[in-house]
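>>> Here's my sequence, what's the structure:
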Amino acid sequence: MLALINDLPLIYWSDNELLAQRLLSVLVNGEYLLSEEPETLLVAKGLEVKLREVLIE
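Numbering: from 1, shown residues only. Next up, the predicted model:
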């Protein structure tokens with residue numbers, strides 16, 4: 001799953017900046033809910049990093 005997130009082209013997230021902002025908000029606010037699921041948390045963290053990269057550009 002993490003590999004799929006990393007393979008998503010930056011253009012996808014750039015075209016959907018509002019979606020990226022909302023997803024980032026959900027990930028940051030819901031991180032504590034994922035703490036019991038290490039694999040899910042890893043995927044969420046990968047997505048969070050990808051979203052931050054896009055929003056910074």
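
>>> can you pull out the helices in the chain?
Taking DSSP state H as the criterion, the chain contains helices spanning 2-7, 10-15, 17-29, 31-34, 38-56.

>>> which helices and strands does the last one pack with?
It refers to helix 38-56. Helices and strands touching helix 38-56, by 3 or more Cβ pairs under 8 Å, 6 or more residues apart in numbering; DSSP states H and E, are helix 2-7, helix 10-15, helix 17-29, helix 31-34. Any C-beta I mention is one placed from the backbone N, CA and C, and that applies to glycine too.

>>> could you point out where the chain is predicted with low confidence?
Along the chain, the model assigns pLDDT under 70 to residues 1-16, 31-35, 57.

>>> and the residue nearest to Leu24 when sequence neighbours are not counted, what is it in contact with?
Closest residue to Leu24 apart from its sequence neighbours, by Cβ to Cβ, 6 or more residues apart in numbering: Leu51 at 4.4 Å. Leu51 makes contact with Trp13, Ala20, Gln21, Leu23, Leu24, Leu27, according to Cβ atoms under 8 Å, 6 or more residues apart in numbering.

>>> quick one: Glu39 from Gly46, how far?
In this structure, Glu39 and Gly46 are 11 Å apart, going by Cβ to Cβ, to the nearest Å.

>>> Which of those two has more residues huddled nearby?
A count of neighbours by other Cβ atoms under 10 Å puts Gly46 above the other of Glu39 and Gly46, at 16 against 10.

>>> Distance-wise, check that one relative to Glu37.
In this view, Gly46 and Glu37 are 14 Å apart by Cβ to Cβ.

>>> Kindly report the same for Gln21.
Using Cβ to Cβ, Gln21 is found at 24 Å from Glu37.

>>> burial count for the spatially closest residue to Glu48 that is not a sequence neighbour?
Counting by Cβ to Cβ, 6+ apart, Glu48 lies nearest to Leu27, which is 4.7 Å off, once chain neighbours are set aside. Neighbourhood size, Leu27 [other Cβ under 10 Å]: 19.
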